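Q: show me how the following folds:
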Amino acid sequence: MRILTVVGTRSSGKTTIITGLIKELISRGYKVGTIKSIFCPGFQMDKPGTNTFRHRTAGAAVIAARADHNTVLMYPDRLSTSDLLSHYRECDWVLCEGDYEIPCPRIVAAHAAEDARERINSLTFAVSGIIANQMTVLDQLPVINATDHIDDLADLCLRSVPECTDLSALDSALHGEDIALSRAWCTEGCHGHSAKKKGVIAVVDGHPLSLTPEQEQVLRTWASNPQ
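A: Numbering: from 1, shown residues only. Coordinates of the predicted model:
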């Protein structure tokens, strides 16, 4: 299994890179899986009030939603990277979108050199996205247009991404400057927060916490009558 991650600013071309690589790698005979990472502390996969949400809050260890065309498995907590990837053992490639923390080869999507450099780390082997309309090289890294030259980007992936033989190694956190950018990119301007501007945000030791509607109501009640 080969694993890479694509990170970058919003609307910089991350999903275009991922979908282009999916199609190109499949055309070459590979089986491809994907993982979308969402670091917004207010985001939940399952919404309050749904049946599956009630199953989870009642204590179910694994919850499945099965329909005629899709099956979704949900766990009540965040899986480790190795546990998550154990579901992908039949895949030749796993493409992660938006995961700043996984210690694997990285493609940076960007609008311009400035935001690309903020996200380039020691594992970065390529730059792509909107910036590819402006240049072909950035700080000795190839800048490849994923729309017009996805075959070239796939070739580079094949040369730059080794087989991962020990999934547990991916549970180790990045160090130093390599991890300086990750959850910090979820800010008040993200879609998740924008949709909840009127919600309650709790911060403990500088870290925002995700609150259930019940917890928000308790805080609202306390705030209206703190005594």
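
Q: biggest strand in the protein by residues?
A: Longest among the strand segments of the chain by residue count, using DSSP state E, is strand 2-8.

Q: can you list the helices and strands that it packs against?
A: Applying 3 or more C-beta pairs under 8 Å, 6 or more residues apart in numbering; DSSP states H and E, we find strand 2-8 packed against helix 14-27, strand 93-97, strand 106-109, helix 113-119. Every C-beta, even on glycine, is put in place using the N, C-alpha and C of the backbone.

Q: so which of these comes closest to Q215?
A: Nearest to Q215, of all the helices and strands packed on strand 2-8, is strand 93-97, at 29.7 Å by C-beta to C-beta.

Q: helices and strands around the closest one, which ones?
A: With contacts defined as 3+ C-beta pairs under 8 Å, 6+ apart, strand 93-97 has these neighbours: strand 2-8, helix 14-27, strand 32-36.

Q: mean confidence (pLDDT) on stretch 133-141, please.
A: The pLDDT scores in stretch 133-141 average 96.

Q: export that stretch to CSV, keeping only CA atoms.
A: Output in CSV follows, covering the C-alpha atoms of stretch 133-141 (Å, rounded to 0.1, in the frame of the first residue of the first chain):
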residue,chain,number,x,y,z
ASN,A,133,-1.0,28.3,-13.6
GLN,A,134,1.8,30.7,-12.5
MET,A,135,5.0,28.5,-12.3
THR,A,136,6.5,25.1,-12.8
VAL,A,137,9.0,25.1,-10.0
LEU,A,138,8.9,26.4,-6.4
ASP,A,139,12.0,26.2,-4.2
GLN,A,140,13.3,23.2,-6.2
LEU,A,141,9.9,21.4,-5.9
